[in-house]
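# my questions concern the predicted model and sequence given below.
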Amino acid sequence: MTPAGQAVLALLEGVVSGLVLALTALGLSLVFGVMRVVNVAHGDFFMLGAVFAWYVTTATGSFPLALLAAPLAAAAVAVAADRLVLRPIGYAPEPTIVATIGLLYVLQQAVLSVYGPYARPVPEPVAFRVDLPWFGYSGYKLVVAAAAAALLGAAWLLITRTRLGLYMRATQQDREIAQAFGVPVQRVYAAAFGLGAALAALAGVLIVPIRQAHYLMGLDALLLSFMAVVIGGIGSMSGTLIGGMILGITENLIGVYVSSSYRDSITFLILIIILLYKPTGIMGSVEKDKV
Amino acid sequence: MAERKITRREALRAAGALAGASVLTKFGVRLLSASVPNDTVEAAAGPRAPLRIGFQVHRTGIGAVYGRWYERVGNAALRLINEQGGIAGRPVQIIVEDDGTDPKRGVEVVEKFVNQHRVDFIFGTLFSHVVIAAAPRAGELKVPYLVVSEGYHVASGKLNRYVFQPGITDVRAQVTAVAPWIVKHLGKRATLIFPDYAFGHDHRDFFSARLRALGGEVAALVPIPPTETSFTRYFARVPRNTDFIYHVMVGPGVLTFVKELGEHFGARKPKLFGFIDSLEGVDIATPGLEYLEGSFLWEAFPRYTGNVKTAFEQQYRDRVGVDANGASKADPKDVSTYSHMFGVWETLFVIKRAVEESGYASRTPADYRKFITTLEGFTSFPESLQHPQGPKRFNGKLHQVFGHQFISQVRNKRLVVVHRTAIEDGLYPPEGDYTKMPL
């Protein structure tokens, strides 16, 4: 393949995986921003999205239905987890980390017992092949990229233009003052946790026709999301998008040009360098309200 | 409520916890207890104490698809053995432990078998990184450890005298046996796509060497990290003048691999030779695998009926509960790992024969010595219900079995055997001799 072809391939793949990663990571960033909860189980909501999508498409054959039902189901699981696990421990930082690690295992093992260890495919809702001069490319991947971009836009509108978004931003800035102004903080928490899970699940549904649903697929999603959020700046929406794109594109450049075996070490090296020069992440602000 | 806010320091601490947790899970920490003694065996309890065999299974983790079927085959073989009067007149009991496909846990499982369950033998481990980690511990504890792993590590002579692989052939033999056919039918310039760890490296090294010896050459080597989920970018490294792509993958990514291969190359389809390892547990008729139509795959034991015409094969299939398409009779969507799991069956019958011929009675050094030297003295296993995959030759010095290999073509979304190698085709110059090691 010519150098131009290689560059196009790396960029194309990078943009697709970057957008999907940004969509996955947005939920993690949102939950952290609003609730100050580091949700270690976040990747498993991504996995739940994929697994629910398999069940829905297998039962009904409808991918759009899966796109609707799977995130709702994942959100329901998340809201239940918020009510049954996070609220009773008062959202205290350390216990929530341990509790969400527990949640991760519970979700994973539950899926293993019910759904099994297999990687199961979901047919692509739209299948076409784009013939480029150097190679062919999956049309569905381009659809995924567009859908992820649209969903990111919708999430941005939700957070900046709606009452729920206003409540979330107010809670993020100062929980107590928000409460004093009549923001139902408890419900905002549940909504944020549910929305975070739904976003990850949406990414899972979009990706499952490319990658198959497998009970361990949440681990990579978690690690990459966390890196995207840290690179972009914790709690910043635009930062998460930037972080996701940086990761997606570097990963593919390394895959095409260097050796995939060095991919993780080089990616982490970039993370370290960014944190050395910009400890709060690219779009993160210095915390003014430290005690 | 300022005290509830997480500072960056706390967030980083969380990141540490997170990384730790993910490392733990990645290797499948087992939370649910899997130490379930097999109850199917208790019924057969006779006048003499049962023989206890530890079965190390990948119930969770990346090897769970294989583990599930290894366990089913182990149970089926156990039922047959106990129906036929057990081993040396003693009922047999299998104790299952899950190792989470995790090397560290694998070592613990070996220790638990010896110290807690007090088993006579351990068998069944599959994934090479677990075998390589756990085998030295079995050697230290001086307990026979019979793996069903396929890696070259046993035959390499680098493990120890207690480790055997009598039920399945190793990668080097497989590659050596099929290479001449590949060069004759697919061409001489190969691009190798393989997972970047021991199992994949066996393929890389032995196939490359064999290809060169046959006058061929390697156009490119494309290692892929075992946790990879997307493959398109790797296809950029396949040179245009490649005659064929030799691919061996494991893990859940294979459907993506094939699909992306199709999208990338389209009508300029390269010739493909793959190893069924990629597709174990996966229905060949799965949407997305259409691109494999016409391509060739190595099989150890043909998945679809009609390819091997022996009564033993059908009996074995029925006993395990596998239908004509290689899937579970109970659920046609539950596809077996047919080219590997027979090794569990055959290994149990090798244990039976070695116990009966050696007079092994209890966990004493003297009895273990008898067991091991008897096993090392075996030279062949005839085709039978005990060895349904076919006749085998055993090399006691290498602790490794040799057998027939199959090359199948994907036709109408099924696998049809086009070639069966001779046992001699897979032989190679030995590199080790376990019989010279101390017992």
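That came through fine.
# is the residue nearest in space to the middle of chain B in a helix, a strand, or coil?
Note on chain B: the residue nearest the mean C-alpha position is residue B:149, at 3.9 Å, using CA atoms, centre = their mean. Following DSSP: H, G, I helix; E, B strand; the rest coil, we place residue B:149 in the coil state.
# do you know how far it is from residue B:133?
Distance, residue B:149 to residue B:133, using CB to CB, to the nearest Å: 12 Å. For every residue, glycine as well, the C-beta is placed using N, CA and C.
# so the residue nearest to the centre of chain B makes contact with residue B:131?
Yes. Counting by CB atoms under 8 Å, residue B:131 is a contact partner of residue B:149 at 4.8 Å.
# what is in contact with those two at once?
Contact criterion CB atoms under 8 Å, 6 or more residues apart in numbering or on different chains; residues shared by residue B:149 and residue B:131: residue B:125.
# wait, what's in contact with the closest residue to residue B:111 other than its chain neighbours?
Nearest non-adjacent residue to residue B:111, counting by CB to CB, 6 or more residues apart in numbering or on different chains: residue B:137, 6.5 Å away. The contact partners of residue B:137, taken as CB under 8 Å, 6+ apart, are B:107, B:110-111.
# for chain A, what spans make up the helices?
In chain A, the segments counted as helices under DSSP state H are A:3-35, A:42-60, A:63-81, A:93-114, A:139-161, A:163-173, A:175-180, A:185-211, A:218-232, A:237-257, A:263-277.
# now for the shortest one, which elements pack on it?
The reference is to helix A:175-180. Secondary-structure packing of helix A:175-180 (3 or more CB pairs under 8 Å, 6 or more residues apart in numbering or on different chains; DSSP states H and E): helix A:163-173, helix A:185-211.
# okay, those helices, which one's buried deepest?
Sort those by mean neighbour count, taking mean count of other CB atoms under 10 Å in any protein chain shown, and helix A:185-211 sits at the top with a mean of 26.
# show me where pLDDT drops low in the chain?
I'll assume chain A. For chain A, the stretches flagged by pLDDT under 70 are A:286-291.
# not quite, I wanted chain B
Across chain B, the ranges flagged by pLDDT under 70 are B:1-47, B:250-252.
# please parse it into its domains.
B:39-166+B:340-401, B:171-299+B:404-426 (automatic domain parsing).
# which one of those domains lies closest to residue A:168?
Distance to residue A:168, taken as CB to CB, is lowest for domain B:171-299+B:404-426 among those, at 31.4 Å.
# do any residues in that closest one lie close to chain A?
Yes. Domain B:171-299+B:404-426 is in contact with chain A by CB under 8 Å from any CB of the partner chain, via B:196, B:223-225, B:227-230, B:232-237, B:240, B:252-256, B:259-260, B:263-266, B:281-282, B:286-288.
# taking the stretch 1-150 of chain B, what residue is nearest to chain A?
residue B:64 (3.1 Å; CB to the nearest CB).
# do you know how far the closest residue to that residue other than its chain neighbours is from residue A:169?
In space, and not counting its chain neighbours, residue B:64 is closest to residue A:117: 3.1 Å by CB to CB, 6+ apart. Here residue A:117 is placed at a distance of 42 Å from residue A:169 (CB to CB).
# tell me who's in contact with residue B:129.
Residue B:129 makes contact with B:103, B:197-198, according to CB under 8 Å, 6+ apart.
# any idea which helix or strand comes after the helix or strand harbouring it?
In the assignment (DSSP states H and E), residue B:129 maps to helix B:128-141. Once helix B:128-141 ends, the next helix or strand along the chain (criterion: DSSP H and E) is strand B:145-146.
# just checking: what are the partner strands of the helix or strand that that following strand is followed by?
Per DSSP H and E, the first helix or strand lying C-terminal to strand B:145-146 is strand B:163-164. Within its sheet, strand B:163-164 is paired with strand B:145-146 (parallel), according to DSSP bridges.
# list of residues touching the strand it pairs with?
Contact with strand B:145-146 is made by B:110, B:121-125, B:134-135, B:138-139, B:162-167, B:347, B:350-351, as judged by CB under 8 Å, 6+ apart.
# ok so, going back, from the chain's centroid, how far away is the helix holding residue B:129?
Here helix B:128-141 is found 15 Å from its chain centre; the criterion is CA atoms, centre = their mean, to the nearest Å.
# quick one: buried residues of it?
For helix B:128-141, the neighbour count (16 or more other CB atoms under 10 Å in any protein chain shown) marks B:128-139 as buried.
# and for stretch B:269-282?
In stretch B:269-282, counting by 16+ other CB under 10 Å, buried: B:270-282.
# now those residues in JSON lines, with secondary structure?
Shown next, in JSON lines, are those (three-state DSSP):
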{"residue": "B:270", "secondary structure": "coil"}
{"residue": "B:271", "secondary structure": "strand"}
{"residue": "B:272", "secondary structure": "strand"}
{"residue": "B:273", "secondary structure": "strand"}
{"residue": "B:274", "secondary structure": "strand"}
{"residue": "B:275", "secondary structure": "strand"}
{"residue": "B:276", "secondary structure": "helix"}
{"residue": "B:277", "secondary structure": "helix"}
{"residue": "B:278", "secondary structure": "helix"}
{"residue": "B:279", "secondary structure": "helix"}
{"residue": "B:280", "secondary structure": "coil"}
{"residue": "B:281", "secondary structure": "coil"}
{"residue": "B:282", "secondary structure": "coil"}
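# from those, which is closest to chain A?
For the buried residues of stretch B:269-282, the nearest to chain A is residue B:281 (6.0 Å; CB to the nearest CB).
# excluding chain neighbours, what is closest to the closest one?
Setting aside the residues directly before and after it, residue B:281 is nearest to residue B:65 in space (CB to CB, 6+ apart), at 3.9 Å.
# quick check: that neighbour touching residue A:120?
No. Judged on CB under 8 Å, residue B:65 makes no contact with residue A:120 at a distance of 11.0 Å.
# and residue 168, what is it in contact with?
I'll assume chain A. Contacts of residue A:168 (CB under 8 Å, 6+ apart): A:30, A:33-34, A:159, A:188, A:191-192.
# ah, I was thinking of chain B
Going by CB under 8 Å, 6+ apart, residue B:168 touches B:148-150, B:300, B:340, B:342-343, B:346-347, B:401.
# one more time with 10 Å, if that's ok
Contacts for residue B:168 (CB atoms under 10 Å, 6 or more residues apart in numbering or on different chains) come out as B:126, B:147-151, B:154, B:174, B:300-301, B:339-344, B:346-347, B:389, B:392, B:400-401, B:403.
# can I assume it sits in a strand?
No. Under three-state DSSP, residue B:168 sits outside any strand and is assigned coil.
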